[in-house]
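Novice: pasting the sequence and the predicted coordinates here, then a few questions.
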Amino acid sequence: MNAILSKWRAGKGTFLLLSGVVACIAAAFATGGADEPGFAGLVGAVFAGLAGGIVGTAASSRRHWPVPAFSLLFDFLLALVLLWLVRSALPGSVGPLPGLPFWFFTVAAWLFAWSVVNRMSVFAAQGWLKSALGLAIPALFGLTVLFLWEAVTRGFGIPFVLLPPPSAIGARFAASIPLLWADFNQTVLKAVLFGFVVGSGAGFLVALLADRYAFLANGLLPIGNLVSALPIIGIAPVMVIWFGFDWQSKAAVVIVMTFFPMLVNALAGLSASGAMERDLMRTYASNHWQALFKLRLPAALPFVFNALKINSTLALIGAIVAEFFGTPIVGMGFRISTEVGRMNLDMVWAEIALAAIVGSLFYGAIALLERAATFWHPSYR
């Protein structure tokens, strides 16, 4: 991949110039007058291709520029221009599919965005600028993926029921905020949060007891392996029968799914402190609880947060899948299963987008808390 990127840097001007040539050839073979649909856009592609070729050719020799930030800014602005050109040439829901110049500019915009992300990832920065780059790189990469998704689905005329474009999903998301909020409240604020806190907390407390009494560890870990192998679609109907159709049964599924990852990781973390440190605590005549709170729990924090990050995704998945097997007429899983039957794929993708956003924010919040609590760990130094 790096070799491809290096060749692209050396030949990006040639690529853009070739785009202009292709646009010129397409214009030469176009028939009809200036009032023919798409003719104006085609002529615009000609001039944009030629201008992009000239600018890109100059950009290919900028390795001698003294300021790396200026080179990064140049790639970023040129990527924005190309993205604007591609966006203005996107076909609507009806009409002819775009021609070869459109795809040349699409690939060029993607490669320039790729170059920007690559340069940002190796850019030397300190302080707030480093933190800003840490947020900007994944955001820009995600926007690039959405751009390619939009271009491919609309450029190839992919049927809406197979894969709607991001613009349609975003429009449906914005128009369904009240409904999405009700589903979010039912699934996340009730089932996921309650099950996550209870399941993770119970797993941590049982890990402390199992660390104190060895027979509990020997008895619980095999059971944990057994329960972890149980499929969600087998647990969820049983929990619905036991706890009813409301959010309590979904929270019970989440508790089962999050209990044993925390138990296993916490037990491993409590054993992570070195023998030399434990011997030092014993020379100070510390008892079990003093050694636990002053040595073993701090050493176990990375393992505990690792379990919390795993459980943050498991909890959301478990609650959504559990809603497929019985729920009130609200909830993210209920909405997905219902709208699939109605072939409302934009609403299904809106719910998927909501789940992705919630899961990412949940995971990110735990990661920030981990960074604040384990700043002393070698991975953060």
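Specialist: On my side now, so go ahead. Just so we're clear, the structure is a prediction, and the values are computed from it rather than from any experiment.
Novice: can you give me the helices in the stretch 51-200 of the chain?
Specialist: Assignment of helices within the stretch 51-200 of the chain using DSSP state H, counting those that start in this stretch yields the ranges 68-89, 100-121, 128-155, 166-175, 177-184, 193-212.
Novice: buried set for the last one?
Specialist: Using 16 or more other Cβ atoms under 10 Å as the test for burial, helix 193-212 gives 193-200, 203-204, 206-208, 210-211. C-beta coordinates here come from the backbone N, C-alpha and C atoms, glycine included.
Novice: which secondary structure elements does that helix sit against?
Specialist: helix 214-228, helix 247-270, helix 297-322 (3 or more Cβ pairs under 8 Å, 6 or more residues apart in numbering; DSSP states H and E).
Novice: if we go to 10 Å?
Specialist: Here helix 193-212 touches helix 214-228, helix 247-270, helix 288-291, helix 297-322, going by 3 or more Cβ pairs under 10 Å, 6 or more residues apart in numbering; DSSP states H and E.
Novice: check which residues of the first one are buried.
Specialist: Buried residues in helix 214-228, counting neighbours by 16+ other Cβ under 10 Å, are found at L216, A217, L220, G224.
Novice: check the third one too.
Specialist: Burial within helix 288-291, assessed by neighbour count using 16+ other Cβ under 10 Å, is assigned to A291.
Novice: what's in contact with that helix?
Specialist: D211, R212, S273, E277, R278, L280, M281, R282, Y284, R296, L297 (Cβ atoms under 10 Å, 6 or more residues apart in numbering).
Novice: worst mean pLDDT among the helices of the stretch 51-200 of the chain?
Specialist: Here the helices of the stretch 51-200 of the chain differ in mean pLDDT, and the lowest is helix 68-89 at a mean of 61.
Novice: okay but W114 is in contact with T144, surely?
Specialist: Yes: the pair W114 and T144 passes the contact test of Cβ atoms under 10 Å, sitting 7.2 Å apart.
Novice: thinking again about what came up before, of all the helices and strands packed on helix 193-212, which one comes closest to F375?
Specialist: F375 lies closest, by Cβ to Cβ, to one member of the helices and strands packed on helix 193-212: helix 297-322, at 10.6 Å.
Novice: now do whichever helix or strand comes after that closest one and helix 177-184, the angle between them.
Specialist: For helix 297-322, the following helix or strand on the C-terminal side (DSSP states H and E) is helix 332-341. Following axes from the mean of the first three to the mean of the last three Cα atoms, to 10 degrees, one obtains 120 degrees for the angle between helix 332-341 and helix 177-184.
Novice: what's the next secondary structure element after helix 332-341?
Specialist: Using DSSP H and E, the helix or strand that follows helix 332-341 in sequence is helix 345-373.
Novice: list the buried residues for that next one?
Specialist: 345-351, 353-355, 358-359, 362-363, 366, 370.
Novice: likewise stretch 232-249?
Specialist: Quick answer for stretch 232-249 (16+ other Cβ under 10 Å): I232, I235, A236, M239, V240, D246, W247, Q248, S249.
Novice: quick check, nearest of the buried residues of helix 345-373 to R119?
Specialist: Y363 (26.8 Å).
Novice: right, and the closest one touches L314 too?
Specialist: No: the pair Y363 / L314 is not scored as a contact, 11.1 Å apart, by Cβ under 10 Å.
Novice: list the buried residues for stretch 153-169?
Specialist: T153, R154, G155, P164, P165, P166, A168, I169.
Novice: ends of stretch 325-336, what's the gap?
Specialist: 12 Å (Cα to Cα, to the nearest Å).
Novice: for the spatially closest residue to I310 that is not a sequence neighbour, what are its contacts?
Specialist: Distance criterion Cβ to Cβ, 6 or more residues apart in numbering; nearest residue to I310, sequence neighbours excluded, is P261 at 5.1 Å. Neighbouring residues of P261 by Cβ under 10 Å, 6+ apart: G199, S200, G203, G224, S228, N306, A307, L308, K309, I310, N311, L314.
Novice: now do 6 Å
Specialist: For P261, the contact set (Cβ atoms under 6 Å, 6 or more residues apart in numbering) comprises A307, I310, N311.
Novice: tell me which helix or strand in this protein has the weakest average pLDDT.
Specialist: Within the chain, confidence by mean pLDDT, DSSP states H and E is lowest for helix 39-59 among all helices and strands, at a mean of 48.
Novice: understood, closing this out.
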